[in-house]
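Asks: What follows is a predicted structure for the sequence shown.
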Amino acid sequence: MKPFYIVEDDPLIRRYLLHLLTRVMKVQVIEWTEGQDVIATVEAEQPPLVLLDITLRGATLDGRPTDGLALCRRIKEQLGDAAPPVMLLTAHAVEGDRERFLGESGADDYQAKPIFDENDFLDRMAKLVAG
């Protein structure tokens, strides 16, 4: 299986996700923090899943600051049916955020941080990859 992509600006969260995916799910992972490079690589490599932080401090797209919502929209628009599933990661977890973020981005799923139910998180990732 091709590596999953993690696009996360927080090094502690990246390390946690890397551990969870490589040790528990037994998948390879590529980590990213920038915007434009992610889109080009996703298009070329077609990973089975992209875990994408919403905030992404310091990330840029087309030379301007960006966030995970804009990156997800670009991935989905640019790749169309060939776009991999995208799961948003965010510390925003108040009522209505899930629906709003999924609607604004076109993402396939949403995971609030911190992750309290790892089994549910792993199950939902596996379902996204399975199609």
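Replies: Yep, it's here.

Asks: Which parts of the protein are helices?
Replies: Using DSSP state H, the helices found in the chain span residues 11-19, 36-45, 68-79, 97-105, 118-130.

Asks: quick one: average pLDDT of the third one?
Replies: Throughout helix 68-79, pLDDT has a mean value of 96.

Asks: tell me what it is packed against?
Replies: Applying 3 or more CB pairs under 8 Å, 6 or more residues apart in numbering; DSSP states H and E, we find helix 68-79 packed against helix 36-45, strand 50-53, strand 60-61, strand 86-90, helix 97-105. C-betas here are computed from N, CA, C, even on glycine.

Asks: I'd like those laid out as a markdown table, including mean neighbour count.
Replies: Output for these, formatted as a markdown table (neighbours: other CB atoms under 10 Å):
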| stretch | mean neighbour count |
| --- | --- |
| helix 36-45 | 15 |
| strand 50-53 | 26 |
| strand 60-61 | 16 |
| strand 86-90 | 23 |
| helix 97-105 | 15 |
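
Asks: can I get the ones you listed in CSV with mean pLDDT and distance to residue 25?
Replies: As requested, these are arranged in CSV below (pLDDT from 0 to 100; distance: least, CB to CB, whole Å):
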stretch, mean pLDDT, distance to residue 25
helix 36-45, 89, 18
strand 50-53, 97, 11
strand 60-61, 88, 28
strand 86-90, 97, 13
helix 97-105, 95, 23
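
Asks: closest one to residue 79 among those?
Replies: Closest to residue 79 of those is helix 36-45 (CB to CB; 5.9 Å).

Asks: is it true that residue 14 touches residue 31?
Replies: Yes: using CB atoms under 8 Å, residue 14 makes contact with residue 31 at a distance of 5.5 Å.
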